[in-house]
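[1] structure of the sequence below:
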Amino acid sequence: MALYVVATPIGNLEDITLRALRLLSEVKLIAAEDTRHTRKLLSAHNIKTPLTSYFEHNRLSKLDYILEVLMEGDVALVSDAGMPGISDPGYELIKAAHENGIKVVPVPGASAVITAVAVSGLDSGSFSYLGFLPRQKSERRKALSEVEILGASIVILEAPHRLQGCLLDIKEVLGDRQISVCRELTKIYEEIFRGSISQSISHFSQPRGEFVLVVEGNRQIPAKPELTGDIISELGLLKKQGKSAKEAVALVSQKNGLSKKEIYRAWLKIDKAL
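    Okay, the predicted model is just below:
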């Protein structure tokens, strides 16, 4: 018996793999985030497998039932779009399957995050995925401040009614960086905007649809502190004042941002010179 974690289209119903279609027609049950949404996909491909809902508000009450079905046959887990378990309650079912010794099988496919990064025109070598930011402004800004120094691109999901507030906070906390705002990916009204954050705020004055934001990483990497002659003189002065190696190294490290190891090596050289 296995739990198949099946990726479904993020918009265009044709973006589903042959393997996914086969498995969705063969499993005993499909656990879906929204059965109405998934039924449209199944109807488009003439799949008649039974459905059960598994979403944020019933995830605990439905968990035992789905695990019972898994003891008798295979189950497919799907979300409304993309790969289940990413920014949705599916991860709890996946975790429970692992804990109960049930085989978990990935069936990869469409991903809004990977798609947005690929077409962003920003650094795709590495990125940090934040998912949906907190609703509260203070908490949202706190989350953004934690990634302010990252050199990697930052990926954020956002709803239309919160987009303007999110963009304003990104600009305030991270600065007016380059951004790619992807709207309604693979759907009829797909739009990929590329420009500065301030330009995106003006462009999306009346936002509609689902958004994936790819924000440029920090390009203002601070220069690495160097062990200058002034710092060595400061160490010598501290030594003459009777400071211990531990005290002097800690003081100079905190003040100048240099590693304690590097400062201690300089201290030992001063010792030999005296």
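[2] from here on, contacts and neighbour counts on C-alpha atoms
    Noted.
[3] state the mean pLDDT of the helix or strand that contains A20.
    Element membership for A20, per DSSP states H and E: helix 18-26. Averaging pLDDT along helix 18-26 yields 97.
[4] show me where this protein has helices.
    For the chain, the helices defined by DSSP state H cover 18-26, 35-44, 59-70, 90-99, 112-119, 137-145, 160-174, 197-203, 229-240, 245-256, 260-273.
[5] just put those in JSON lines and tack on distance to L213.
    Output for those, formatted as JSON lines (distance: least, Cα to Cα, whole Å):
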{"stretch": "helix 18-26", "distance to L213": "28"}
{"stretch": "helix 35-44", "distance to L213": "24"}
{"stretch": "helix 59-70", "distance to L213": "28"}
{"stretch": "helix 90-99", "distance to L213": "23"}
{"stretch": "helix 112-119", "distance to L213": "8"}
{"stretch": "helix 137-145", "distance to L213": "13"}
{"stretch": "helix 160-174", "distance to L213": "9"}
{"stretch": "helix 197-203", "distance to L213": "10"}
{"stretch": "helix 229-240", "distance to L213": "44"}
{"stretch": "helix 245-256", "distance to L213": "37"}
{"stretch": "helix 260-273", "distance to L213": "40"}
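[6] buried sites along the helix holding A20?
    Neighbour-count burial for helix 18-26, counted by 16 or more other Cα atoms under 10 Å, picks out A20, L21, L23, L24, S25, E26.
[7] now it and helix 35-44, what's the angle there?
    110 degrees (axes from the mean of the first three to the mean of the last three Cα atoms, to 10 degrees).
[8] next, count neighbours for the residue lying closest to L168 once chain neighbours are set aside.
    Closest residue in space to L168, ignoring its immediate chain neighbours: I201 at 7.3 Å, by Cα to Cα, 6 or more residues apart in numbering. If you count neighbours by other Cα atoms under 10 Å, I201 ends up with 18.
[9] ok so, going back, what's next to the helix holding A20, contact-wise?
    The contact list for helix 18-26, computed with Cα atoms under 8 Å, 6 or more residues apart in numbering, reads V6, A7, T8, I30, H45, I47, K48, T49, A76, V107.
[10] neighbour-wise, which of the residues you listed leads?
    The residue in the contacts of helix 18-26 with the most neighbours, by other Cα under 10 Å, is T8 (29 neighbours).
[11] let me see the contact set for that one.
    Contact analysis of T8 by Cα under 8 Å, 6+ apart lists D15, I16, A20, V78, S79, D80, A81, G82, M83, G109, A110.
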